[in-house]
Structure formats: C-alpha cells, structure tokens
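Asks: Only the shape, not the letters, is given here:
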Ligand SMILES: NC(=O)c1ccc[n+]([C@@H]2O[C@H](COP(=O)([O-])OP(=O)(O)OC[C@H]3O[C@@H](n4cnc5c(N)ncnc54)[C@H](O)[C@@H]3O)[C@@H](O)[C@H]2O)c1
Ligand SMILES: O=C(O)CC[C@@H](O)C(=O)O
C-alpha cells in the first residue's frame, strides 16, 4: 500500500511534461467542442509545495482500453495505485470496478453513462485518452463534481494522414486490387481509376482534423471546399460553402469530421447520397452514428457512390480479436460484401506519435487535477487554476469547493474560511456548476477537518476537496 504521504505531485516533472501539452493554433477561431486548450500552459513554480489530498488515502486509478505506456508511467510515478486493462469492460463489470476508483482513464469505447457514473462514489476525475468525449455523460459528471479531460488535437494529424491515404486508395481501387492479388488473381484495371489531382475534396466539419486535412489535400493538387456550422477562416485556397447540400453536389470526395451530437446523427443519409455526384466517394473517420450505413450500402450497390472508407461504426467491439459481425450491427455482412470499401477498426488516431502524446497530455492533466485542483483543459467544468503553493508556505491549505451555481454561496464559503487569511481565491461557473479554489494560510490539521466538514454541510455542495 502506498501511504497518503506518497501521493504527491512532482511539480518539476509536471513542468517538464508541460512542454508536450497542446496549445491549439486554431483555438481562437473554432471550435465549440474543443474547450479551453489555449489555457493549458502554466508557469512552473520552482519551490512549489507538494500537496496531498485530505480525506483520500490512496489514489486509485483504473485505466481501460490500452492507454499508452507514457501516460501509465506518469500516473505510476505519482505513487497512485494504477490498474491497467487492455480492453473496455461490459457495463456490469465496469460498474463493479468503478465503485472503488478515484480516477478512470478510457478511450472511445467505454461508455460512462449516468447509470455507470451513479455507482462511482469515489470518482473525482475522468481522463479520455482521445479527442471525442461523446462516450461520457459530461453533464451528469459536472453535476456530480467529476472533472473530464481529453486531448483535443494530439491525434488530428494521424487522422488527416489516414484520410489522405484513403482518398488515393479509393481513387485507385487499391483495396480490391490488393485483395485480388492476395487471392491469387491478376486484375490490371484502369477503368474508373483516377488521379486525385484536380479533384474536389468536400470536408464536413472544419475543426482540428478538417483544417489539417485541407492543407494536406491542397498540397497534393486537390481543390478543397468545406461545410461547418461555424463561419471559419479557410486555409490556403479552401472555400467554405453555405450548405451541406452545396458541398455534396460539388465534391468528388466527401469526408466527415464532425463530433457525435444529436445534430450530426445520420447527417449523411439517403437524401444526402441522392445529392452527391454520381461516382463520388465517402470517407467517415468521425463517429459511426454520423453516416446512415444501410443508406450507404444502397448508394454503393446502385453505383451512386463509387467507393467508401469507414473507420468508425455505431457499435464497435470491446477489444482486439472480438468479432465484427451482424451481432454488433445488423447490416455487417452486407457491408463487408461491397467492392471498393475500406474498413478499418477505428485506427484514425492509432499511431505511436499520437498515442504517446495523448498519454502524456491526459495523464498530466489528471495529475494536476488530483494534486493541485487545476481544471485547465477540462471539458465539462469551468477552467480554474491558482499558482502553486510554495515550500515557504508550510501551514497553508488549498480548498476546492465544487458547488451549485446559485446565489449566496460565496458569502457562506467565505464565512467558513473567515478565520483564516485567504491568500488567493478564484471562482468561475459553467452552467449550473461553479468551481472555487482558495489558498488559506495558518491552518492546522484539526482546522482542515473542521473546514472540510463545514463546507460539506452546505446545501450548495457538490464536492469538497482540501489539499495541503
Ligand atoms: N477515427 C478516429 O480515430 C478519430 C480520431 C480523432 C477524432 N475523431 C472524431 O473526429 C471528430 C472531429 O475531430 P476534430 O478534432 O476535428 O474536432 P473539432 O471539434 O476540432 O472540429 C469539429 C468541427 O465540426 C463542426 N461541426 C459541429 N457540428 C457540425 C454540424 N452539425 N455540421 C457541420 N459542422 C459541424 C464544428 O464547428 C467544428 O469545427 C471528433 O469529435 C471525434 O469524434 C475520430
Ligand atoms: O483511440 C480511440 O479509441 C479513439 C480515437 C478517436 O476516435 C478520438 O476520439 O480521439
């Protein structure tokens, strides 16, 4: 067992890791789904004090879905108890495991629904070691004081490169030719095989991935148009169009890079396939719900769509080696029978570079949250941080009070803190939830316990943490 004393932030390590943290070049002009990444850098304090949490003995971490070694190492170096599993878990097993842990790390497959989170009585923070956060009930988590972090763009380049490869593979029917050769058949074809030079790429969702892809595609001689709900700066000579229909009517290749939202569910369906040019191509490496797959099957059978590449599916297997068959998605066999269709097992972001960058970024954010209470980069809570306490402040404590965003809370909190000098304090709200951090001086262990109990007894309380 690790003692509570060992649960300390290694602030110098964190400062070194901070160089890997992403700061978005595009954060200033989009996107609603990538919150606050411009704030992720903090100035390291040289003689920062190592804080430890009050009322939490050992920090228990559960990592699912083969989180990268770099991330695991950072969490282990903190002295946390880390349990690591290669795949996701069925809901009943997840509920059993999550009851006990303070931190959970997942990727895209683990569904942290309200039903699951309801059982997670000790959970303080979730790390999504990926871009998408649609697998987590963010609202429920916020309302229960559970912070959620992700890595907003560490795998964007990897996805963009995969899509570029797929555009060429589809244009040249490479998947089919390769399969034929694997089966011993020589089939030298030029009919309906094309160069991509001069063709039009239509990007649906011009965020981190879409914008990166735009630059790569233009450098290979494609014309780029894009559709986005936001009015965005077009890179290079790309051009924003006003409607999805306009994009579908003009593009030779259509690629989807929107988040999973109610509005993006089935956004490419029968009507949209009808609007596409005859012989166009579709790529989806966003989320499986964005494309209506039975409608795609029809469009490919009729020849309207000449080829497609899918990396994501409405239902995906829990881990490697699991079957991708009709038990998962009723149209599985029909899909697999199509020509010029590239099927990949959600590998858009699966490169060594992306996974290790994500591992470092998310594990560092989790560590800073656990040890210092900083919410910089959180996707569901307001972003609040205070400069570190220093070793010259031995009898200080940091109060983190997550509470309902209702009038009168600050007055009550400050009454409780009133017997101590509040050195610094910051509070911010996001929707119904507010996050307060205060560093107080001259506080003894007994007083910390009293402060904790007083804050916990307030009706506005969602979660109290005291770090000292
Ligand atoms: N296949 C993979 O391995 C993989 C890897 C990374 C990300 N993804 C998925 O790709 C998605 C996009 O990633 P990103 O980093 O570019 O996200 P992003 O948030 O940077 O960009 C998404 C863009 O979509 C736009 N958008 C939202 N709703 C829209 C709508 N209804 N119509 C048109 N545009 C809309 C947004 O305004 C934004 O510009 C992620 O949400 C994730 O689900 C998949
Ligand atoms: O690695 C994963 O499981 C998810 C990859 C991708 O979909 C993301 O959201 O970043």
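Replies: The structure has been received and is ready for your questions. The structure displayed is predicted, hence computed values, not measured ones. Residues are numbered from 1 along each chain as shown. Ligands and ions are numbered 1, 2, ... in the order given.

Asks: contacts and neighbour counts: CA atoms only from here.
Replies: OK.

Asks: which residues in the stretch 201-350 of the chain form helices?
Replies: Under the criterion DSSP state H, counting those that start in this stretch, the stretch 201-350 of the chain carries helices at the ranges 208-219, 244-250, 270-275, 293-301, 332-336.

Asks: want to throw those into CSV with mean neighbour count, distance to ligand 1 and mean pLDDT?
Replies: Converted to CSV, the helices of the stretch 201-350 of the chain look like this (neighbours: other CA atoms under 10 Å; distance: least, CA to the nearest ligand atom, whole Å; pLDDT from 0 to 100):
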stretch, mean neighbour count, distance to ligand 1, mean pLDDT
helix 208-219, 21, 4, 98
helix 244-250, 20, 8, 98
helix 270-275, 17, 13, 98
helix 293-301, 19, 16, 98
helix 332-336, 15, 18, 96
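
Asks: out of those, nearest to ligand 2?
Replies: helix 208-219 (10.5 Å; CA to the nearest ligand atom).

Asks: what sits up against the closest one?
Replies: Applying CA atoms under 8 Å, 6 or more residues apart in numbering, the external contacts of helix 208-219 come out as 26, 153, 156-157, 159-161, 163-164, 201, 203-204, 223-224, 235-238, 257.

Asks: rewinding a little: save the helices of the stretch 201-350 of the chain as TSV, and put in distance to residue 112 too.
Replies: Below are those laid out as TSV (distance: least, CA to CA, whole Å):
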stretch	distance to residue 112
helix 208-219	25
helix 244-250	32
helix 270-275	31
helix 293-301	25
helix 332-336	26
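
Asks: how about the residue most central in space within the chain, what does it touch?
Replies: Centroid-nearest residue in the chain, with CA atoms, centre = their mean: residue 131, separated by 2.9 Å. Contacts of residue 131 were listed using CA under 8 Å, 6+ apart, and they are 150-155.

Asks: Intersect those with the contacts of ligand 2.
Replies: Filtering those for proximity to ligand 2 (criterion: CA under 6 Å from any ligand atom) leaves nothing.

Asks: Closest to residue 123 out of the residues you listed?
Replies: Distance ranking of the contacts of residue 131 against residue 123, using CA to CA, places residue 150 first at 16.4 Å.

Asks: Excluding chain neighbours, what is closest to residue 94?
Replies: Spatially, and ignoring its direct neighbours in sequence, residue 94 is nearest to residue 116 (7.5 Å; CA to CA, 6 or more residues apart in numbering).

Asks: doesn't the one you found fall inside a helix?
Replies: Yes. Read with DSSP: H, G, I helix; E, B strand; the rest coil, residue 116 is one of the residues of a helix.

Asks: So it versus ligand 2, what's the distance?
Replies: 19 Å (CA to the nearest ligand atom, to the nearest Å).

Asks: from what I can see that residue touches residue 93, true?
Replies: No. Shown here, residue 116 and residue 93 do not form a contact pair, counting by CA atoms under 8 Å, at 10.2 Å.

Asks: Where does the residue of the stretch 51-200 of the chain found nearest ligand 1 sit, in terms of helix or strand?
Replies: Closest residue of the stretch 51-200 of the chain to ligand 1, CA to the nearest ligand atom: residue 132 (4.4 Å). Taking DSSP states H and E as the criterion, no element holds residue 132; it sits outside all helices and strands.

Asks: what's around it, how many residues?
Replies: Residue 132: 20 surrounding residues under other CA atoms under 10 Å.

Asks: dump the residue contacts of the residue of the chain most remote from its centre.
Replies: Most distant from the centre of the chain: residue 186, at 43.5 Å, with distances by CA atoms, centre = their mean. For residue 186, the residues meeting the contact criterion (CA under 8 Å, 6+ apart) are residue 180.

Asks: Now with 6 Å, please.
Replies: For residue 186, the contact set (CA atoms under 6 Å, 6 or more residues apart in numbering) is empty.

Asks: near ligand 1, which residues of the stretch 51-200 of the chain show up?
Replies: For the stretch 51-200 of the chain, the residues found near ligand 1 under the criterion CA under 6 Å from any ligand atom are 131-132, 153, 155-156, 159.

Asks: okay if I get those residues as CSV plus pLDDT and distance to residue 329?
Replies: Listed next are these as CSV, based on pLDDT from 0 to 100; distance: CA to CA, whole Å:
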residue, pLDDT, distance to residue 329
131, 96, 24
132, 95, 21
153, 96, 29
155, 97, 27
156, 98, 27
159, 98, 24
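
Asks: Just flag the most distant two among these.
Replies: For those, the maximum inter-member distance is 12.8 Å, found between 132 and 159 (CA to CA).

Asks: what does the stretch 251-400 of the chain put close to ligand 2?
Replies: In this structure, the stretch 251-400 of the chain approaches ligand 2 at residues residue 349, judged by CA under 6 Å from any ligand atom.

Asks: what residue ranges in the stretch 1-150 of the chain score low on pLDDT?
Replies: Low-confidence segments of the stretch 1-150 of the chain (pLDDT under 70): 1-46, 50, 52-57.
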